[in-house]
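Visitor: Okay, predicted coordinates and the sequence, questions at the end:
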Amino acid sequence: MFLNNHTYYSLRYGAMSEKELLALAQAYGCSVLPLTDINNTSGCLNFIRRAPEYDIKPIVGIDFRNKAQQCYVCLAINNEGFLELNDFLSYHLHHENPFPDIAPQFKNAITVYPFKRLLEIEKDDFTEHEFIGVCINDINKLSFSKYNQFKDKLVLLHTVSFRNKRDYNVHRLLRAIDNNVLLSKLPHTQQGDLKHQIMLASELEKYFWDFPYILKNTERLLEGCSIQFDFSNNRKNQNLSTLYGCKEKDFEALENLCYKGLPERYDEVSGTIKQRLKKELNLIKKQDYVSFFLINWKIIQYAKSKGYYYVGRGSGANSIVAYLLQITDVDPIELDLYFERFMNLYRTTPPDFDIDFSTWDREDVTRFIFEAFGADEQAALLGAYVTFQYKGAVRELGKVFGLPKYEIDKLCSGKFGYNQLDELSKLVLRYAKYLEGCPNYISIHAAGVLISEKPIHYFSATNMPPKGFPTVQFDMHIAEDVGLYKFDILGQRGLGKIKDAIAIIKENKPEVVLPNIHNAKPFFTDEHINAMIERAECIGCFYVESPAMRMLLKKIGVRDYLTLVAASSIIRPGVAKSGMMREYILRHKNPERRKRAHPVLWDIMPDTYGVMVYQEDVIKVAHHYAGLSLGEADVLRRGMSGKYRSREEFLVVKEKFISNCRERGEPDAVIFEVWRQIESFAGYAFAKGHSASYAVESYQSLFLKCYHPLEYMVATVNNGGGFYRAELYLHEAKKLGGIVHPPCINQSSVQTIIRGVNIYLGFQHLQGFEKRNMINLLQARMHGNFKSLDDFMERVPMSIEQLDILIRIDAFRSLGKDKRTLLWEAYYKHNHLAIDELQPQLFRIGAKEFALPQFTITDLENAFDQLELLNFTMYNVFLLLETPPTNTTLVTHLEQYKNKVITIYGYLITAKNTNTHKGDRMHFGTFLDQDGQWLDTVHFPPVAKRYPFRGKGIYRITGKVVEEFDFLSVEVIKQERMSYVSDPRFDITYNRKEFPKLNTTA
């Protein structure tokens, strides 16, 4: 009976989820219910999926509105009608056009015009699928209206947006947030009505006692609508079904590509390889995933034709077919990758292929996908919901309630006594809890692209975000529920580093012949590379440079590919927090410890000593230890990805896991410990093939770092670094023999460049220096180097503020004049000569030379200029301390101070915040000592609270030297951030003649 019903997917309007709406309707005896969110279809598919659980027949549609003005409510008669509505909505969303007063003549959708709106637009004729919607407040007016004569067209249009007064209050707050106004200033036209709540059928009959035909018309309208999507476990795959016109041709093409790839990938094609290939091909065909593989192959072929570097990973890396198609570079035979993780008869989803490209190449690959597969509107980016987080909701509500900023900041910080708050602040906190988790707006999934057999609007309307590609209005979970499986196209800086490093090597070392970087197998056995991994000298290298990974490499003593594969997964939070990372290290280093492994777990996972490390280990344990079917085991694996853990099928399998183990005679203590380890994997563990893909890329970058370190560090800096700031990579380059220079007008480019061992910082590192001036400078320099300041100012006109940046960073040092002299000249000439920043001079203007005194500029002043303009100094930062270090204890001395308390100075590089199992805050610190070596610290909760980090700088650290698995660190007892000397550029007491030269090495 209710034609217009909203959920919180009526963004910043509705206040309940689709499940809450269904439960409400069930409680009021509804057997049929439409969902008609405002200009949105995000909730439709899940609404259809869940409705049978509430004994409700679902109908879907859209409440079309121009801002708050309702135009009409449309209901899909069937699936084709839903497609029509989505086409119409998407067109207007893409072009940001208002909806017309009169809706199109839909063939398979019903349009209900609000009675009040019809009075405004004076529409007098109605087609078969057009109706007049009358709400309770319209009844008195209806009797005196010309629309009373259209008895067959009159239907009840009662809106349901709220369950109660609290929902209505939430709605008003959302509307104030959306309109960016104080709640007290929110116009009534921007709000719904408190009466927009559900009613019993008996109540409605009282209102329409004189108009019973309106209710009958409404019932008849609802009876004529139905919508069907298959959400069953054996649902049909909705992805593009064929690449070559029919499934037989697709399979023939896939088979041919695989057999063509065999001699390219294997020197000797063994019987094991042939058997594995045949097994995979048969299962891929049976599961109807042939086109899925071919589409990924086609994407890779395009990338290769453009010379783009890529890495294929995910569970698809367990597949020999993927390896032969060159989607991945991981050999599943070599690594004995678990076939059932990749695919089995019970798996309802295709394998994951996460294909990484450099950030710059990814956009073009995405464009290609839409051109190749989206001609008939069959491609779209996958959506994602950005929900209100508690602190963000507090801040937004604080604004609409008119609280001052300091009060909002206090509420967000949590540093207050609740009983000391006024009623308004308490109201903010209470309603922030109600908003937490509700959708705020639709965004884009980080990587997902959908390629559908049907037009994508068959499933959803689409938005058009700034990226310029249509984006569906639901997330990956709903997509998979309906049989749409994403193609993951990701951007990654690591690949850009590899690609750029190779180009830089060819330019800087033209005599060097590089091996095929895609064939990483020779790198796995390279002694120099493996020794570098064992020493954890991996700064700048993909996935192995972080402090935590550097620590793990040393603790394990990694010096081969297979152990690095394990380390890549062990570092993940699921394994680490379960305590299994420590157990793995103990068993790796001590064979006697391995005897503690459960016999069944040891038999299942001998390569990781009976420790669950990879995602497929969950499948193995569930199948072999708990006796679950492969299908049930796969439900557990999927349960590790957050949202699925709350699903009924996951909870059923959990109970079966426990009961099966008990039937097998396993003690509860062991059962629940194994289950605890499985649960710890939630959303964090890697598939072994995924870890192997990461390890391959790590080895590729390690090869470049090992044999061409300076070029590789330059590529790292130019690709935005990695885990650390550019400052650290330049420090690493110095340690490796590079000579790093500040930007230079006659040498530097926009990006950092290298000539021999000389590295010239790029202009892009200069804070506040405009891109257009970089380009103008380089274009002018194409006609010859700059000979003087006058020459530069005439050829590259720019503001005095921009010129000041170049002079103070000493970019004019090749001209032979000190920068203070240049600053005097530059400011004088800008004040006395007509220098047009936008119009170069046609003729040279002679400039008078001045006899200026000899200026003294110290290294300390230069260092502070660099700190301001680069955010770091290229001098030894320890010499900037106001009070010189009181000792020279270095990291190399820690061995002799084990279990003793020391004081050591460290320059802060990064600090990781984490929580103990009790929820207390603690830190892990990473510093450089006075010799530029790594110093690792642990800050337990009492110390973390008493001696917090106070930003970038040098700290005097007192702590105990501890050792774990041959890895030395300092447990901090106290720390103090040391003061720098006063800035000499503004200190009138500074004596330039007495200050010594600074050491430029770190």
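Guide: Structure's in. What do you need?

Visitor: Give me the phi and psi for the spatially most central residue of the chain.
Guide: For the chain, Ala446 is the residue whose C-alpha lies nearest the centre (CA atoms, centre = their mean; 5.1 Å). The phi/psi pair for Ala446 (degrees, to the nearest 10) reads phi -60, psi -30.

Visitor: Quick one: residues contacting the nearest residue to Met978 once chain neighbours are set aside.
Guide: Residue nearest to Met978 in three dimensions, not counting chain neighbours: Ile954, with 4.8 Å by CB to CB, 6 or more residues apart in numbering. Bear in mind the C-beta positions are built from the backbone N, C-alpha and C, glycine included. Ile954 sits next to 877-878, 881, 905-908, 977-978 when contact means CB atoms under 8 Å, 6 or more residues apart in numbering.

Visitor: can you rerun that using 7 Å?
Guide: 877-878, 881, 905, 907, 978 (CB atoms under 7 Å, 6 or more residues apart in numbering).

Visitor: Turn these into TSV, columns for pLDDT.
Guide: TSV is the format used below for those (pLDDT from 0 to 100):
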residue	pLDDT
Val877	94
Phe878	94
Leu881	94
Tyr905	97
Tyr907	97
Met978	96
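
Visitor: Among those, name the buried ones.
Guide: Buried members of the contacts of Ile954, counted by 16 or more other CB atoms under 10 Å: 877-878, 881, 905, 907, 978.

Visitor: and the closest residue to Asp250 other than its chain neighbours, how many neighbours?
Guide: Leaving aside its chain neighbours, Asp250 sits nearest to Val290 (4.7 Å; criterion: CB to CB, 6+ apart). Val290 has 26 neighbours, counted by other CB atoms under 10 Å.

Visitor: ok, Val290 - contacts?
Guide: Neighbour list for Val290: 247, 250-251, 254, 284 [criterion: CB under 7 Å, 6+ apart].

Visitor: So which of the contacts of Ile954 sit within strands?
Guide: Among these, the residues falling in strands (DSSP state E) are 905, 907.

Visitor: between the contacts of Ile954, which is closest to Val621?
Guide: Nearest to Val621 among these, counting by CB to CB, is Tyr907 at 45.3 Å.

Visitor: Settle this for me: that closest one is touching Thr926, isn't it.
Guide: No. Using CB atoms under 7 Å, Tyr907 is not in contact with Thr926; the gap is 10.0 Å.

Visitor: how near is the closest residue to the residue nearest to the centre of the chain other than its chain neighbours to Gly448?
Guide: Excluding the flanking residues, the one nearest Ala446 by CB to CB, 6+ apart is Leu490, at 6.9 Å. Distance from Leu490 to Gly448, counting by CB to CB, to the nearest Å: 10 Å.

Visitor: can you check Tyr760 too?
Guide: To Gly448, Tyr760 is 41 Å away according to CB to CB.

Visitor: how many other residues sit next to Tyr385?
Guide: When neighbours are counted by other CB under 10 Å, Tyr385 registers 18.

Visitor: Could you report the neighbour count for the residue nearest to it when sequence neighbours are not counted?
Guide: In space, Tyr385 comes closest to Pro439 once its chain neighbours are excluded; the distance is 4.6 Å by CB to CB, 6+ apart. By other CB under 10 Å, 21 other residues sit near Pro439.

Visitor: Please enumerate the strands of the stretch 251-400 of the chain.
Guide: According to DSSP state E, counting those that start in this stretch, the stretch 251-400 of the chain carries its strands in the segments 310-313, 354-357, 379-387.

Visitor: how about these in CSV, adding distance to Tyr729?
Guide: Formatted as CSV, these follow (distance: least, CB to CB, whole Å):
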stretch, distance to Tyr729
strand 310-313, 21
strand 354-357, 21
strand 379-387, 32
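
Visitor: Now mean pLDDT and distance to Ala76 too, for those, in TSV please.
Guide: Converted to TSV, the strands of the stretch 251-400 of the chain look like this (pLDDT from 0 to 100; distance: least, CB to CB, whole Å):
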stretch	mean pLDDT	distance to Ala76
strand 310-313	90	39
strand 354-357	92	35
strand 379-387	94	19
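
Visitor: out of those, which comes closest to Cys44?
Guide: Cys44 lies closest, by CB to CB, to one member of these: strand 379-387, at 12.7 Å.

Visitor: Just the element for Ile723, please.
Guide: No Ile there; residue 723 is Phe. Using DSSP states H and E, Phe723 sits within no helix or strand.

Visitor: number of nearby residues for it?
Guide: Count around Phe723 with other CB under 10 Å applied: 19.

Visitor: gap between it and Val544?
Guide: Distance from Phe723 to Val544, counting by CB to CB: 10 Å.

Visitor: Let me see the contact set for the residue lying closest to Leu294 once chain neighbours are set aside.
Guide: Excluding the flanking residues, the one nearest Leu294 by CB to CB, 6+ apart is Leu243, at 4.5 Å. Applying CB under 7 Å, 6+ apart to Leu243 gives the contacts 250, 291, 294-295, 298.

Visitor: Ala944 belongs to a helix?
Guide: Yes. According to DSSP: H, G, I helix; E, B strand; the rest coil, Ala944 belongs to a helix.
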